[in-house]
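S.K.: following is a predicted model, sequence given first.
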Amino acid sequence: MAAFLFSPAQTSRHIRVTRYQAFRARQQMRYRALGVACYLGFAPLFWLMGIEQRKKDFLRYHCRHSLAVSLSMFFIIAAIVVADVLEYGYTTLYWKPGPDDPMLLVAGLAGLMGSFIVFVALVLVWLAWLIGLLGAWRGRTPPIPLLSRLADHTGWLRFSLGWSLLARIGLVLLVFAAVHGAALTRAPAQSPQVYILYTNGGYIPVPTLWASYTPPRWTFSLFFYPIVTAAARHWGPGRVAIQPLSEETFRNAIRNGRFVFVASHGGEEAGSFSYSFESRGEISPADLQPGEAGPQLRFVYFSACYAGYREAEWRQALAPAEVVTYARISYVEEHFIWVWTKGAEIVSQLK
């Protein structure tokens, strides 16, 4: 019956069309997969392979738009860095507020507003990324406000290419440091030489999370990675204890450790530090007994704001250790810089 309905020529032509359609379908799926991969971090590689220069509007669009998303993240990070530098300079060189300055509340509200603006910017960038990703998945090239205009500037995209490559290299190094730091601090020995104590809560400026959220332990071994590795080289593995800050862990650290870093908020009383943001537990120099610090203690670093208001008392209570405190607002960024530029050197010099 089929022989009467279709001639051999018609059958051959029908098969050729079907094969061509299958080829086109496979090609479109390949293009869509490459477009999706652009938004999953492969855009710099595709750019270097020359995909952007090919006359394939679909791939060119998604390669350039994914790089524009990465460039938008660079702008947000750069704006945060500039704002932090300006805030640091203003509060440490010009304003210098005391712990009871009523304008601190205004500054705190301004900080919350800044955090909200950053959050909104990140949400918009995430939406742009999602629109591009879904467009690539569906085989479309949807226009995205502002981002499409940014994607038309080849100079900025070349800058984004360099930035993206550096960011990926940095991410690989961070993953290595996180895994290595967690391994070095996983099982501390019976007598750690270095204690890193961190406050419970107070890490996210959102009312429902402010007092309850504490980062996972591996983030602290990453933050203090130079100190962790320096201690491992100096005394061997297992000589670093990373513990939640409490009155008990602090007293134990100053009795038995040589280097103690107290990563905490300032207490309500100037010169003290808080060990729990939720319960507002505080420790001040007056809470320590004479001679409570062990004779082996050599260095104690307080990150707490205004702990330096009682620096002389801290030095006396923790003698013979060297004590670092701040008689002003202190910033996470400056503690990070200190850890990564000076911390390892100090640990290496301890006897």
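M.R.: Cool, got the structure.

S.K.: which residues touch the strand or helix carrying residue 261?
M.R.: For residue 261, the host element (DSSP states H and E) is strand 259-263. With contacts defined as Cβ atoms under 8 Å, 6 or more residues apart in numbering, strand 259-263 is touched by 193-199, 220, 224, 227, 231, 245, 250, 253-254, 273, 297-304, 321, 335, 339, 343, 346-347, 350. All C-beta spots, glycine's among them, are computed from the backbone N, C-alpha and C.

S.K.: after it, which helix or strand is next?
M.R.: Using DSSP H and E, the helix or strand that follows strand 259-263 in sequence is strand 265-266.

S.K.: circling back: give me the sheet partners of the strand holding residue 261 and which way each runs.
M.R.: strand 194-198 (parallel), strand 299-302 (parallel) (DSSP bridges).

S.K.: which one of these has the most crowded surroundings?
M.R.: strand 194-198 (a mean of 25; mean count of other Cβ atoms under 10 Å).

S.K.: in the helix or strand following that strand, what counts as buried?
M.R.: Per DSSP H and E, the first helix or strand lying C-terminal to strand 194-198 is helix 217-223. Neighbour-count burial for helix 217-223, with 16 or more other Cβ atoms under 10 Å as criterion, is recorded at 218, 220, 221, 222, 223.

S.K.: packing partners for helix 217-223?
M.R.: Judged by 3 or more Cβ pairs under 8 Å, 6 or more residues apart in numbering; DSSP states H and E, the packing partners of helix 217-223 are helix 154-184, strand 240-244.

S.K.: quick one: residues in contact with the helix or strand following it.
M.R.: As assigned by DSSP H and E, the chain's next helix or strand after helix 217-223 is helix 225-235. Contacts to helix 225-235, defined as Cβ under 8 Å, 6+ apart, come from residues 177, 180-181, 184-185, 193-194, 196, 221, 239-240, 259, 261, 339-340, 343-345, 347-348, 350.

S.K.: C-alpha coordinates for helix 225-235, PDB please?
M.R.: The C-alpha coordinates for helix 225-235 follow below in PDB (Å, rounded to 0.1, in the frame of the first residue of the first chain):
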ATOM      1  CA  TYR A 225      44.100  30.300  57.600                       C
ATOM      2  CA  PRO A 226      47.600  32.100  57.800                       C
ATOM      3  CA  ILE A 227      47.500  31.700  61.600                       C
ATOM      4  CA  VAL A 228      46.400  28.100  61.400                       C
ATOM      5  CA  THR A 229      49.100  27.100  58.900                       C
ATOM      6  CA  ALA A 230      51.800  29.000  60.900                       C
ATOM      7  CA  ALA A 231      50.900  27.200  64.100                       C
ATOM      8  CA  ALA A 232      51.000  23.900  62.300                       C
ATOM      9  CA  ARG A 233      54.500  24.700  61.000                       C
ATOM     10  CA  HIS A 234      55.700  26.000  64.300                       C
ATOM     11  CA  TRP A 235      54.300  23.300  66.700                       C
END
